[in-house]
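In: Fold the following, please.
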Amino acid sequence: MPFFQKSALCFFLITFYSTVFSQTISIQDSSGKTILLLEKDRLKSAEDSSVIFTIKGNIVFEGASDNQKDIALLIKTDNIFSKKKIGYGLDAKQENTLFSMRNGGFFYREQNTFQQDWLMAHFRKDDKGSYELYREDSDDVLCRFFTPAITTGNLAAIAFHFIRSEELDLAKAERLKFSGDATTDITKTSGSIRRFWNTGMDDFSWDGYVFKRRWNSFDYEEWTFDGTVLKRLWYPGEEEYIWDGSILRNRWYASYDEFEWNGTTLRRRFGTSADEFILQGNIVKRSFDGSGRDDWQIDGNLPIPLIALVVFGLIRK
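Out: Numbers count the residues shown, from 1 in each chain. Sure thing, here's the model as predicted:
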């Protein structure tokens, strides 16, 4: 190709992509009212033009800043519409997963993205460049817009704005904060967990308020759980854990004893595969150990944090 033709082609491509990615995208609500504007790398309120997010690649900053201290979100995916590869939205320190992404969906925390119960919002798009964001798995439109091209970071920032403004994450945490059952009243649950090859000591019961050894209980190892806080019943403040529906962590300080639940698997967050249990029906067992030496049987309705308390040895067995 002659030099002048190459130059003309390069100029066309640069002009085209500059136009596409510098355009202002009008983001509308379900009634057609413009509520947000996406201008270059900034998501703005249409009402007062205030900057909500600044997006640089897959990094989302609060407001008009692009300083490291103002990072709101880190996007770990190059395609939120991938049906096979799971992406993640992380906090600034990359310590917590704020949401997971697959097939256009945004799921609560680091959850199983094949389970619709965890879905907070989802995008649908067509080949003509029309995008619509819906609440959970419903047809309730949060916003819609048209654009011939848009970056992954921009799409994630738009979804993240609605997750926060509509409190979709808080609503999901509230609905699923016990064991994944949105209808569970913690005070009305009861049950027990015992080792399959029980000697009499590895048997624990729960009455909706107190979790303790079924036989020969002693006060230091009696616990209470209100749906959010797990703590010793008679020694408050010594060890307390907080539960948000997916993660159980020490309430007052960072600890190796931090666990997560994805709907089927309970594991130590910073451990190895040996520290992973799978829940199958009423049986809890190690994911990669078929010996049966650490298999447990659940009877009744037992909140996930109490199961973690037993299988990970936080309560002396």
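In: Show me where the stretch 151-300 of the chain has its helices.
Out: 152-165, 168-175 (DSSP state H, counting those that start in this stretch).
In: who touches the longest one?
Out: Under the criterion Cβ atoms under 8 Å, 6 or more residues apart in numbering, residues 27, 36, 38, 41, 43, 52-53, 55-60, 72-73, 75, 77-80, 89, 98-99, 101, 106, 120-121, 123, 131, 133, 142-143, 168-169 lie in contact with helix 152-165. Just so you know, the C-beta spots here come from the backbone N, C-alpha and C atoms, and that holds for glycine as well.
In: could you flag which of the residues you listed are buried?
Out: 27, 36, 38, 41, 43, 52-53, 55, 58-60, 72-73, 75, 77, 80, 89, 98-99, 101, 106, 120-121, 123, 131, 133, 142-143, 168-169 (16 or more other Cβ atoms under 10 Å).
In: Let's see which of those end up in strands.
Out: 27, 36, 38, 43, 52-53, 55, 59-60, 72-73, 75, 89, 98-99, 101, 106, 120-121, 123, 131, 133, 142-143 (DSSP state E).
In: Around the closest residue to residue 191 other than its chain neighbours, how many other residues sit close by?
Out: Nearest residue to residue 191, sequence neighbours excluded (Cβ to Cβ, 6 or more residues apart in numbering): residue 300, at 2.5 Å. Other residues near residue 300 come to 13 when the count uses other Cβ atoms under 10 Å.
In: what residue ranges in the stretch 51-200 of the chain score low on pLDDT?
Out: 111-115, 174-185, 187, 198-200 (pLDDT under 70).
In: repeat that for 50
Out: Low-confidence regions of the stretch 51-200 of the chain, defined by pLDDT under 50, span residues 177-183.
In: For the stretch 101-250 of the chain, just list every one of the strands.
Out: Assigned by DSSP state E, counting those that start in this stretch, the stretch 101-250 of the chain shows strands spanning 105-108, 119-125, 130-135, 141-146, 191-195, 203-206, 210-213, 223-225, 229-232, 240-243, 247-250.
In: could those strands be laid out in a markdown table, adding distance to residue 155?
Out: Below are these laid out as a markdown table (distance: least, Cβ to Cβ, whole Å):
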| stretch | distance to residue 155 |
| --- | --- |
| strand 105-108 | 10 |
| strand 119-125 | 7 |
| strand 130-135 | 8 |
| strand 141-146 | 10 |
| strand 191-195 | 43 |
| strand 203-206 | 43 |
| strand 210-213 | 43 |
| strand 223-225 | 38 |
| strand 229-232 | 36 |
| strand 240-243 | 31 |
| strand 247-250 | 26 |
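In: Point out the most buried one among those.
Out: strand 105-108 (a mean of 26; mean count of other Cβ atoms under 10 Å).
In: Strand partners (parallel or antiparallel) of that strand?
Out: strand 97-102 (antiparallel), strand 119-125 (antiparallel) (DSSP bridges).
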